[in-house]
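In: output the structure for:
(2 chains)
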Amino acid sequence: DAGITQSPRHKVTETGTPVTLRCHQTENHRYMYWYRQDPGHGLRLIHYSYGVKDTDKGEVSDGYSVSRSKTEDFLLTLESATSSQTSVYFCAISGSAGVDPLAYEQYFGPGTRLTVT
Amino acid sequence: DAKTTQPNSMESNEEEPVHLPCNHSTISGTDYIHWYRQLPSQGPEYVIHGLTSNVNNRMASLAIAEDRKSSTLILHRATLRDAAVYYCILITKETSGSRLTFGEGTQLTVNP
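Out: Okay, here's the model as predicted:
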């Protein structure tokens, strides 16, 4: 299995509080991604990173910010959590050296279940 | 965005082959076809990908039509563990960072 971990795995927080989720990889992959998954929806991309300090928005980025200060860590922050951000959050990595970027396989972490009350 | 179309659900019996179809009529010449699956309560898992030729790996085979407008994921002998949602995804040059855009996928049920 790809070396990718997420922390915490479960979190319950109150509306209006800040929350930071961490994704850590040991594969030295270039790309990292944050997705959310809600009942009745497939995975939707929140933000992604294509290198240290290089990030870009996905399709559902409102209310979220990210940071990547080193290759192995990608942080997702909810500045002021809302009930609509209750979801399962998945981190993914990709970017095997020497491979056509269009052929990159993505490896997913185990997910973080976040509940905002 | 290049789009794929899959059946919402399919059913198979254990130890029988399963053919999961995907249509991608707007595919362009450099787009890769990727398949992922998601087992209950887990993150998605890479299955296979291809460009033009058929591909085999330890998990599955990918058959790509000659015109590339459709493809089929083949599980040679379904097991109960193969029950999952299967996603067919195109990776295009416009998808910077090789982002995956997940559709609804096909829910595969495997009967014992």
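In: B:Arg99 contacts A:Tyr33, doesn't it?
Out: Yes. Counting by C-beta atoms under 8 Å, B:Arg99 touches A:Tyr33, with 7.0 Å between them. Every residue, glycine included, has its C-beta placed from N, CA and C.
In: which residues do those two both contact?
Out: A:45, A:48, A:58 (C-beta atoms under 8 Å, 6 or more residues apart in numbering or on different chains).
In: which element is the second one on?
Out: To tie it back to what came earlier, the one meant is A:Tyr48. Assessed by DSSP states H and E, A:Tyr48 sits inside strand A:43-51.
In: what lines up beside the helix or strand following that strand in the sheet?
Out: If you walk from strand A:43-51 toward the C-terminus, the next helix or strand you reach (DSSP H and E) is strand A:54-57. Paired neighbours of strand A:54-57 in the sheet (DSSP bridges): strand A:43-51 (antiparallel).
In: ok, and what's touching the partner strand?
Out: Outside strand A:43-51, the residues touching it (C-beta under 8 Å, 6+ apart) are A:30-38, A:55-61, A:64-66, A:68, A:74, A:76, A:89-90, B:44, B:96-97, B:99-102.
In: counting by contacts, list what the helix or strand hosting A:Ile93 packs against.
Out: Assessed by DSSP H and E, A:Ile93 sits inside strand A:87-94. In terms of contact count using 3 or more C-beta pairs under 8 Å, 6 or more residues apart in numbering or on different chains; DSSP states H and E, strand A:87-94 is assigned the packing partners strand A:4-7, strand A:19-25, strand A:31-37, strand A:73-78, strand A:107-108, strand A:112-116.
In: okay, now the sheet partners of the third one, with direction.
Out: What that stands for is strand A:31-37. Paired with strand A:31-37 in the same sheet, following DSSP bridges, are strand A:43-51 (antiparallel), strand A:87-94 (antiparallel).
In: need the least confident one among those strands, by mean pLDDT.
Out: Mean pLDDT is lowest for strand A:43-51 among the strands paired with strand A:31-37, at a mean of 91.
In: what's the angle between it and strand A:19-25?
Out: Note on geometry: by axes from the mean of the first three to the mean of the last three C-alpha atoms, to 10 degrees, strand A:43-51 and strand A:19-25 are set 60 degrees apart in direction.
In: and the angle from strand A:43-51 to strand A:73-78?
Out: 130 degrees.
In: if you count neighbours, what's buried in strand A:43-51?
Out: A:43-50 (16 or more other C-beta atoms under 10 Å in any protein chain shown).
In: dump the residue contacts of the most centrally placed residue in chain A.
Out: The centroid of chain A falls nearest to A:Trp34 when counting by C-alpha atoms, centre = their mean (2.4 Å). If a contact means C-beta under 8 Å, 6+ apart, then A:Trp34 has A:21, A:23, A:45-48, A:58, A:64, A:66, A:74, A:76, A:89-91 as its contacts.
In: now do B:Val55
Out: B:48-49, B:61-62, B:64.
In: tell me where chain A is predicted with low confidence.
Out: A:1-2, A:96-98, A:101 (pLDDT under 70).
In: and it, which residues reach chain B?
Out: A:31, A:33, A:35, A:42-45, A:48, A:50, A:56, A:58-59, A:90, A:92, A:94-95, A:100-111 (C-beta under 8 Å from any C-beta of the partner chain).
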